[in-house]
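Novice: my questions are about this predicted structure, shown below with the sequence.
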Amino acid sequence: MRIASWNTRGLGNKSRGRTAGNLVNRFQLQFIAIQETMVQEVSKPTLNKVWKHFNYDSIQVKATGRSGGLVSIWRTDFFTLITSLQKKHWIAIVLRSQLTKIALNWPRPLCFLGNFNSVCSPKERLREAIDVNAISPFNYFIVNAKLIDQQLVNDEFTWEGPLEKFSRIDKVFLNSLWTNLWPVAILQTDHPDNKWAEYDTIGWAAFVLNKNLRLLKADLKAWSVANPDSAIFDLRFCESEICRLEKLYRQSDLSQVELIELVNLKKCKKRLMIKIESKQRLHSRVQWLKLGDKNSRFFHLVSRIKQQSSYIAGMQINNQ
């Protein structure tokens, strides 16, 4: 769903209508709220320039003299107007999304996912304010669209906030065709733990910040040890597979599938080597910044080693 709000500073001339139309086409908007139209009524030709290729509906508020003026425009194939209320400086619109219609008429496996900012029951929020009035319409949408709420297997919530607040507002909805095609699909969350909230440092602000950063650094080091970089292991696997296929190639011709696999493995090996090399280069720069400016002996020692490694003592040509 793509929605935009734009202060047009006048929608009475043709150029402004074309600009709004280009904005709608560029971002494929389904709803646009325009402020400061500065006209008593936005004409039908101007609205047609804003929404060129789809059927639309709109609601307006007249401008007061040469200031103000509002217009909201939406695609009728995405939204259906239920009710509206407009005053001098605002418009309130209640629209019904056509997601239900899309879900019911979709002929292939379908997956809706994202932050819906709503929950199906109060149990999906902990120490968080709950909009009870939104629970029933949200469940009504799920049932009418014949969607399946895919449950998490490794946690109850997808978001963690300060003061131990938890919520499951990120959801994945599937249709029956999807679950029939992939019946063993599982849903996991990888939202990080709020380590900062676990540090009970007491003191003035600068001291707390310094202490918590040191604790966070120690935790990150422990995490990096427990979760080593998989690039090295992947590189070793690629090298072993390449060695195996090359041995087979020396004994007999490889099949077309094996040749493609060998080419892909060599490409993967090259990517992994570049990744490891860039990481090692980054580590060396970190050491240089950490020790180079503070330790002149270290700085000159590294320079001397580089100079010695590039030194040519002599050349041998035809055993001479």
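Specialist: Structure received.

Novice: strands along the stretch 51-200 of the chain, start to end?
Specialist: For the stretch 51-200 of the chain, applying DSSP state E, counting those that start in this stretch gives strands covering 56-61, 70-75, 79-86, 91-97, 111-115, 125-126, 148-149, 159-161, 165-167, 170-174.

Novice: mean neighbour count, those strands: which tops it?
Specialist: Comparing the strands of the stretch 51-200 of the chain by mean neighbour count (mean count of other C-beta atoms under 10 Å), strand 70-75 ranks first with a mean of 22. Placement of C-beta: from N, CA and C, glycine included.

Novice: rewinding a little: please identify which of the strands of the stretch 51-200 of the chain is closest to Gln280.
Specialist: For those, the distance to Gln280 is smallest for strand 159-161, at 34.2 Å, taking C-beta to C-beta.

Novice: if we can go back for a sec, is it possible to export the strands of the stretch 51-200 of the chain to JSON lines including distance to Leu47 and mean pLDDT?
Specialist: Putting the strands of the stretch 51-200 of the chain into JSON lines (distance: least, C-beta to C-beta, whole Å; pLDDT from 0 to 100) gives the following:
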{"stretch": "strand 56-61", "distance to Leu47": "6", "mean pLDDT": "86"}
{"stretch": "strand 70-75", "distance to Leu47": "7", "mean pLDDT": "86"}
{"stretch": "strand 79-86", "distance to Leu47": "15", "mean pLDDT": "77"}
{"stretch": "strand 91-97", "distance to Leu47": "15", "mean pLDDT": "70"}
{"stretch": "strand 111-115", "distance to Leu47": "30", "mean pLDDT": "81"}
{"stretch": "strand 125-126", "distance to Leu47": "41", "mean pLDDT": "85"}
{"stretch": "strand 148-149", "distance to Leu47": "39", "mean pLDDT": "89"}
{"stretch": "strand 159-161", "distance to Leu47": "40", "mean pLDDT": "76"}
{"stretch": "strand 165-167", "distance to Leu47": "40", "mean pLDDT": "84"}
{"stretch": "strand 170-174", "distance to Leu47": "34", "mean pLDDT": "87"}
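
Novice: okay, and the beta partners of Trp74?
Specialist: Residues in a beta bridge with Trp74, per DSSP bridges, are Phe31, Asp57.

Novice: mind giving me the domain ranges of this structure?
Specialist: The record's domain parsing of the chain by automatic domain parsing lists 3-97, 101-191, 228-308.

Novice: can you put the ones you listed in CSV and add distance to Lys221?
Specialist: Converted to CSV, the domains of the chain look like this (distance: least, C-beta to C-beta, whole Å):
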stretch, distance to Lys221
domain 3-97, 43
domain 101-191, 20
domain 228-308, 12
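
Novice: of those domains, which approaches Leu216 most closely?
Specialist: Closest approach to Leu216 among these (C-beta to C-beta): domain 101-191, 15.7 Å.

Novice: below-threshold pLDDT in the stretch 1-150 of the chain: ranges please.
Specialist: In the predicted model, the stretch 1-150 of the chain carries pLDDT under 70 at residues 1, 13-14, 94-97.

Novice: if we can go back for a sec, with respect to Leu11, which of the strands of the stretch 51-200 of the chain lies nearest?
Specialist: Shortest distance between Leu11 and the strands of the stretch 51-200 of the chain, using C-beta to C-beta, is found for strand 70-75: 7.1 Å.
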